[in-house]
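J.: what follows is a predicted structure for the sequence shown.
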Amino acid sequence: MARIAPEDRDTLMRLWRRQVWDRVGFIPFVHQAEGTLASEGFSLTDTEAGERDPLPEQAEIETVYVACGEDDPRAERIADQNYARRERRIVVPRTGGVAHHLTDLAAYKAGKSKGVGMWLVGPACIPDAGVDLIGIEYKTSENEFNYLCDALLSSAGMRLKYRHYYNDSRNGRMLLELKNGATFEVRSWERREGLKGAQRTAYCYNEAYQLPGLEAYTSIAQNLRAERGFALFTTTCDRPWVTFLHEMGHGQDLDWHCSCGAPGWCNGFTFDRKAFIRDCPADDLMQPYLTDYPWLAGVVDDIKRARDRGVPGLMTRERFDIAWLGLLGTFAGRVYDYQRGQRTFGPGSHPSLWKKRAIEAHLREVVDALV
Amino acid sequence: MLSYRDLAIPSTFEIIAAGDTGTYMSGVIAAIAPDDEAFVLEEFPNYRYVAGEIELTGLTVGEWFTNFGTSLRRYTRKPKNHAWCDRNTNFTTEVKAGLTLRRNFKHLELRTEITREYFQHGKVWLAPWLRVLPYELENARWPEDTTDAGRYQRLKKKDHTLDCLEHILSRRPRSKHYRGAGADLSLKDQMRLKLQQPQPDRGLAVDAHLGSN
């Protein structure tokens, strides 16, 4: 049970996390940085800091990796044919301060697990911090736990001393307890009864879509109250219920943050161009991305050529949206072609169904909007 | 903010209602336009959704019937009304506020297909204050496989208000205007009037494969 005040704890975690990142040489992708910064009370802007330009007041700088083409003057070869450049982005204080509920909705292999692992190094500096990594099975959280342990324990990491360290996913024993009492334990949702009645610094839900729904959080959220702890949700958008996390993260409650739509190519370490071309059902799906990622034009041409040769894409549009573009799909299996907000009638669309006062109010709104 | 008080439904529209009874109850009132478009005006669920989970609002059965029946009276301007409901309902006589539930014997597969037809042709419109019905429409799902009896019915989960809309549309309702001239006459007189009029020569469709008559 950590005894440091939440504000001090958040500051310590931020400083310690950056120290670990520097040590292991971790540079986050944009979606990884956005979530981490939101938990520290900052927002990542799209603006790069000039070498000689003074920073705005209270602003800081965060270096991120952005995927680019080979011909980019700042391109660094990441793996195979994948390149990325480092951008020094300006970071400003976040409206609403620290976000305690973080969602990362991204494509497969976009770096969600690594991002979580690198976030989790933060609580390691807090004495007696308690963090649970929750997945549908123990193995679900294996990657995140391994990234965390590598960063804290390995010779390339911080070489911290520990009291207990177990890493056996088959037998359900994945636990790291450091000398300062900070504990990281992997838990299975199948044994959720054991989660109740504890006091925790953070819950991390991995592949959250596999969990039954938000009850995985609401049933144990009280354990985070004492320490004003964090809840992290990282998942692909394979189930409709994750839409709720997206809506909360972009809604009025500023304690929630959502980073969504991170495509597969943002992670140059794992992006497989051939698999991408094989799976893409149609090149028009890539058109919206060509402005921000002009280097994808070559990939689009390859997709067109493959389709013209009669080689079909292996995924449906919806499956491709979820798997490669990190988008919330319309979810195959839907009975009605309908999304909330559609098919609504009002004074503008059907004036004959409304009283005069409603039509007048609508016209006033239209005029105000124009003015 | 718009509400049902701002509505002015023309008299040529037909008002149709449906209800679903049980632990979770709901009702829907819709207006059918002369061109067969359905406008869903109000919903009456005794539950709500909170973060995707269903929760009763605490409305009693009597209160629900009173709300639903009174609202329906407001639209139809008749003291006694009926609403379509599932065939296994326990409420078969007039309950409250002049409301009687009538059993709709169309089964789920057919109801769903007819409703999908309406959506595919853009014939359904929803009032902007509806909350539960849009959520249930969005979350209606097909199952992974057919049932043991070989039926392919949508999953019966979080669908009480949706059931009501399907009951309404499965009746393929028509507006009053559809009855054409002599709308005030009884059905028998309307048929007599129609038969007295010269019938148009529809012409028999000739299938060339059948040869000449």
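T.: Looks like it arrived, so ask away.
J.: give the contact list for the closest residue to residue A:76 other than its chain neighbours.
T.: If the residues on either side of it in the chain are set aside, residue A:76 comes closest to residue A:84, at 6.0 Å by CB to CB, 6 or more residues apart in numbering or on different chains. Heads up, the C-betas are built off the backbone N, CA and C, glycines and all. Going by CB atoms under 8 Å, 6 or more residues apart in numbering or on different chains, residue A:84 touches A:65-68, A:75-76, A:78, A:268.
J.: change it to 7 Å
T.: For residue A:84, the contacting residues are A:65-68, A:76, A:78, A:268, by CB atoms under 7 Å, 6 or more residues apart in numbering or on different chains.
J.: among these, name the ones in helices.
T.: Among the contacts of residue A:84, no member is found in helices (DSSP state H).
J.: redo these as TSV? Include pLDDT and neighbour count.
T.: Written out in TSV, the entries for the contacts of residue A:84 read as follows (pLDDT from 0 to 100; neighbours: other CB atoms under 10 Å in any protein chain shown):
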residue	pLDDT	neighbour count
A:65	94	23
A:66	93	18
A:67	92	24
A:68	92	21
A:76	92	14
A:78	89	17
A:268	91	22
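J.: what's the closest of those to chain B?
T.: Closest approach between the contacts of residue A:84 and chain B, by CB to the nearest CB: residue A:67, at 33.1 Å.
J.: was I right about that closest one contacting residue A:265?
T.: Yes. Between residue A:67 and residue A:265 there is a contact under CB atoms under 7 Å: 5.2 Å.
J.: joint contacts of those two?
T.: When CB under 7 Å, 6+ apart defines a contact, no residue borders residue A:67 and residue A:265 alike.
J.: neighbours around residue 114, how many?
T.: In the absence of a named chain, this looks at chain A. A count of nearby residues for residue A:114, using other CB atoms under 10 Å in any protein chain shown, gives 21.
J.: that was the other one, I meant chain B.
T.: Close neighbours of residue B:114, defined as other CB under 10 Å, add up to 16.
J.: tell me which helix or strand it sits in.
T.: Here residue B:114 sits within helix B:108-120, counting by DSSP states H and E.
J.: would you map the strands across the chain?
T.: You didn't pick a chain, so chain A it is. When assigned using DSSP state E, the strands of chain A occupy the ranges A:42-48, A:60-68, A:76-79, A:82-93, A:101-106, A:130-135, A:162-168, A:173-178, A:183-188, A:202-206, A:230-235, A:256-262.
J.: wait, chain B
T.: B:14-20, B:26-32, B:38-43, B:47-50, B:53-56, B:81-86, B:99-104, B:124-126.
J.: show me what the shortest one is packed against.
T.: Packed against strand B:124-126 by the contact rule (3 or more CB pairs under 7 Å, 6 or more residues apart in numbering or on different chains; DSSP states H and E) you find strand B:38-43.
J.: partner strands of the strand it packs on and their direction?
T.: Applying DSSP bridges to the sheet, strand B:38-43 is found paired with strand B:26-32 (antiparallel), strand B:124-126 (parallel).
J.: including mean neighbour count, could those go into a markdown table?
T.: As requested, these are arranged in a markdown table below (neighbours: other CB atoms under 10 Å in any protein chain shown):
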| stretch | mean neighbour count |
| --- | --- |
| strand B:26-32 | 27 |
| strand B:124-126 | 22 |
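J.: how about a markdown table for the ones you listed, with mean pLDDT and distance to residue B:40 added?
T.: Converted to a markdown table, these look like this (pLDDT from 0 to 100; distance: least, CB to CB, whole Å):
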| stretch | mean pLDDT | distance to residue B:40 |
| --- | --- | --- |
| strand B:26-32 | 96 | 5 |
| strand B:124-126 | 96 | 5 |
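J.: now the residue of the stretch 101-250 of chain A at minimum distance from chain B. Nearest residue, chain neighbours left out?
T.: Of all residues in the stretch 101-250 of chain A, residue A:214 sits closest to chain B, with a separation of 4.4 Å (CB to the nearest CB). Using CB to CB, 6+ apart and skipping the chain neighbours, the partner closest in space to residue A:214 is residue B:51 (4.4 Å).
J.: how many residues are close by that neighbour?
T.: 15.
J.: tally of neighbours for the residue nearest to residue A:173 when sequence neighbours are not counted?
T.: Counting by CB to CB, 6+ apart, residue A:166 is the residue found nearest to residue A:173 once chain neighbours are left out, at 4.2 Å. Each residue near residue A:166 was counted by other CB under 10 Å, and the total is 13.
J.: got it, and residue B:59?
T.: Number of residues near residue B:59 (other CB under 10 Å) recorded here: 16.
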